[in-house]
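1. structure, please.
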Amino acid sequence: MTAIDFIPFVERLATVSGEAIMPFFRTAFALDDKNVGGVFDPVTEADRAAETAMRRVIGQTFPSHGLIGEEFGSREAESEYVWVLDPIDGTKSFISGLPLWGTLIGLLHQGSPCYGLMNQPFTRERFYGDGHAAFWSGYNGGNEKTIRKLRVRPCHELERATLMTTSPQLIPAELRPRYEALESKVRLTRYGGDCYAYCMLAAGQIDLVVEAGLNIYDIVALIPIIKGAGGIVTTWDGGEPSKGGAIVAAGDKRVHELALQILNAPEADKS
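-> Residues are numbered from 1 along each chain as shown. You can find the predicted model right below:
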């Protein structure tokens, strides 16, 4: 099977997860902190319900496939095909009633991301790609579904770039001076996007996304979308991003290279 063969199934997972999540959005629900005593890391009933629903459907349809999920861990993670699930990426926005969150559904084939989808059931948007092409589907405020091909925008100077990160405070203290050195060079910075920021990059609305401390389930689904739209995503040192860590995504290879130069400049640690 190829990534294209899985598209109807991924759409089904998006629908199932959205149905599990939406009864909780902007309502009162139980909330736990997965990192008690550290940086607040919330998890909700909606997170657990959505991942449970997706795991059930995957197990029934593809019992030989592996699974990596944020809420319930891994099984058969060395399989030829592995599903990587983040039921709600952007839980802090979710619990605040803001629509800057989404469900991430990624597929690894022999360890490499081959397909990804971000579903936002409240706004009824889906962003998806296979590394060769990427698309947006939604309703533009009406009832007629629209599908549009995604394409990054050109940007060859940091001084013209718009950068997004979820929060500078989520970047480890030892790396923060490097991030701050980069932020000081760009034209505009916005915070709080989580997975939505990467999709806006693929849609040609922003130019850079820089984060650190990401897990595999935070990034795998987004890689085929960004690459399919013509963008580039690596670790801060230019390496393979699919395991997570410190990540930089760009719409234009030129601005990506400029960002890497600053993120790897030793003098940034002394500023």
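2. use CA for all of it now, contacts and neighbours both
-> OK.
3. pretty sure Leu108 is in contact with Leu85, am I right?
-> No - applying C-alpha atoms under 8 Å, one finds Leu108 not in contact with Leu85, separated by 11.0 Å.
4. quick one: which of those two has more around it?
-> Leu85 (29 against 25; other C-alpha atoms under 10 Å).
5. Ala46 contacts Gly18, doesn't it?
-> No - contact criterion C-alpha under 8 Å: Ala46 and Gly18 do not qualify, at 9.6 Å.
6. sorry, back to before: quick one: common contacting residues for Leu108 and Leu85?
-> When contacts are counted by C-alpha atoms under 8 Å, 6 or more residues apart in numbering, Leu108 and Leu85 have no shared neighbour.
7. wait, Arg153 sits on Gln205?
-> Yes - in this structure, Arg153 is within contact of Gln205 by C-alpha under 8 Å, at 7.4 Å.
8. and the helices in the stretch 151-271 of the chain?
-> Under the criterion DSSP state H, counting those that start in this stretch, the stretch 151-271 of the chain contains helices at 176-183, 195-202, 216-219, 222-228, 253-263.
9. run the chain-centre distance for the third one.
-> Distance of helix 216-219 from the chain centroid (C-alpha atoms, centre = their mean, to the nearest Å) equals 7 Å.
10. now that helix: mean pLDDT?
-> The average of the pLDDT scores along helix 216-219 is 98.
11. mind giving me the packing neighbours of it?
-> If you count contacts as 3 or more C-alpha pairs under 8 Å, 6 or more residues apart in numbering; DSSP states H and E, helix 216-219 packs onto strand 81-89, strand 102-109.
12. tabulate those strands (CSV), appending distance to Thr27 and mean pLDDT.
-> Formatted as CSV, the helices and strands packed on helix 216-219 follow (distance: least, C-alpha to C-alpha, whole Å; pLDDT from 0 to 100):
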stretch, distance to Thr27, mean pLDDT
strand 81-89, 16, 98
strand 102-109, 17, 98
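13. and of those strands, who's closest to Tyr191?
-> strand 81-89 (14.7 Å; C-alpha to C-alpha).
14. return the list of strands paired to that closest one, each annotated with direction.
-> Using DSSP bridges, the strands paired with strand 81-89 are strand 66-69 (parallel), strand 102-109 (antiparallel).
15. any idea which of those is most buried?
-> With neighbours defined as mean count of other C-alpha atoms under 10 Å, these peak in mean count at strand 102-109, which reaches a mean of 26.
16. next helix or strand past that strand?
-> strand 112-120 (DSSP states H and E).
17. strands paired with that following strand, and their directions?
-> strand 102-109 (antiparallel), strand 125-129 (antiparallel).
18. ok and it relative to helix 195-202, angle-wise?
-> Inter-element angle recorded for strand 112-120 and helix 195-202: 110 degrees (by axes from the mean of the first three to the mean of the last three C-alpha atoms, to 10 degrees).
19. neighbouring contacts of strand 112-120?
-> Residues contacting strand 112-120 (C-alpha under 8 Å, 6+ apart): 3, 10, 14, 18, 99, 101-108, 125-131, 195, 220-225, 242.
20. rerun that using 7 Å as the cut-off
-> 3, 14, 101-108, 125-131, 220-225 (C-alpha atoms under 7 Å, 6 or more residues apart in numbering).
21. mean pLDDT per helix and strand in this protein: which one sits at the bottom?
-> Counting by mean pLDDT, DSSP states H and E, the weakest-scoring helix or strand in the chain turns out to be strand 31-33, with a mean of 68.
22. can you tell me which residues contact the residue nearest in space to the middle of the chain?
-> By C-alpha atoms, centre = their mean, the chain has its centre lying nearest to Cys195, at 3.6 Å. Shown in contact with Cys195 (C-alpha under 7 Å, 6+ apart): 89, 101-102.
23. the same query, at a cut-off of 8 Å, please.
-> 89-90, 100-102, 104, 118, 218, 222.
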